[in-house]
Every structure is written in structure tokens, then in C-alpha cells.
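Visitor: after the sequence you'll find the predicted model.
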Amino acid sequence: MENDYPQNFLRLKDRYPDLISAYESAGMQARKAGPLDEKTSHLVQLAACVALRSEGGVHSHVRRSLQAGSTPEDICHSLVLLISTAGFPAVAAAFSWAQDIFDMENRIHPTFRV
């Protein structure tokens, strides 16, 4: 699992272990604070990352969504739902970033892949 993280994150974790531990703990506590399951929680966080245009965040939450049981179709539908709120350019970029992870995991969305 440690190898799933980007090198930059691992460097930060090595340099600031207490800070990263607190950051990770806050995320776990937030997921436990309500009724949403892990899969839904990551799709919500994915949407926020799209709105923020955070490539690293989209990569992270696509990967975590897949690990939590989402399918590429679930993820792509979540992205499509954002067109009218986050805007087409942000969603188009997010599709590209999501495809990066689908390619790494050999999970290709059949209606998206060219």
C-alpha cells in the first residue's frame, strides 16, 4: 500500500511524520463521523478535488474509490454529474486524470477510452 502513494507524499511523510499522521487521522475520523460508506466518501472527496482542479487529489480519490469498490463507471458518472457545477473544462481534465489511474490499474472505462 505504501507504494501506492506518490513520491512527493512519501517524502513529506518521511520529513514530517507527526504532521502526516495527524492529517491521515483527521481523514479517518471524518469518514467515521457520519453514515456515508467509504466508497461514497471517496466519491464526494473526488468531486471536491475536481472543483479544486487538483490533479493529485483526483488521482488519489480515483485510486481510493476503486479500492473501496467503485467501478470505473461509478467514477465516470460522478465526474459527468459535475459538468453543470464544476464546469466542462474541470471535468474534461478530471476525466484525463482518472484515466491515468484506470490505465495504471488496467481498468478501462469502455465508453470513454478512445
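Guide: Perfect, I can see it now.

Visitor: tell me the mean pLDDT over stretch 94-105?
Guide: Taken as a whole, stretch 94-105 has a mean pLDDT of 92.

Visitor: ditto for stretch 7-20
Guide: On average, the pLDDT along stretch 7-20 is 94.

Visitor: gap between it and the chain center?
Guide: What separates the centre of stretch 7-20 from the centre of its chain is 19 Å, taken as Cα atoms, centre = their mean, to the nearest Å.

Visitor: tell me the buried residues in that stretch?
Guide: Lys13 (16 or more other Cβ atoms under 10 Å). All C-beta spots, glycine's among them, are computed from the backbone N, C-alpha and C.

Visitor: contact partners for Ser60?
Guide: Neighbouring residues of Ser60 by Cβ atoms under 8 Å, 6 or more residues apart in numbering: Cys49.

Visitor: typed the wrong thing, it's Ile20
Guide: Shown in contact with Ile20 (Cβ under 8 Å, 6+ apart): Phe9, Leu12, Lys13.

Visitor: in the helix or strand containing it, what's buried?
Guide: Ile20 is part of helix 17-32 when elements are defined by DSSP states H and E. Judged by neighbour count using 16+ other Cβ under 10 Å, helix 17-32 contains no buried positions.
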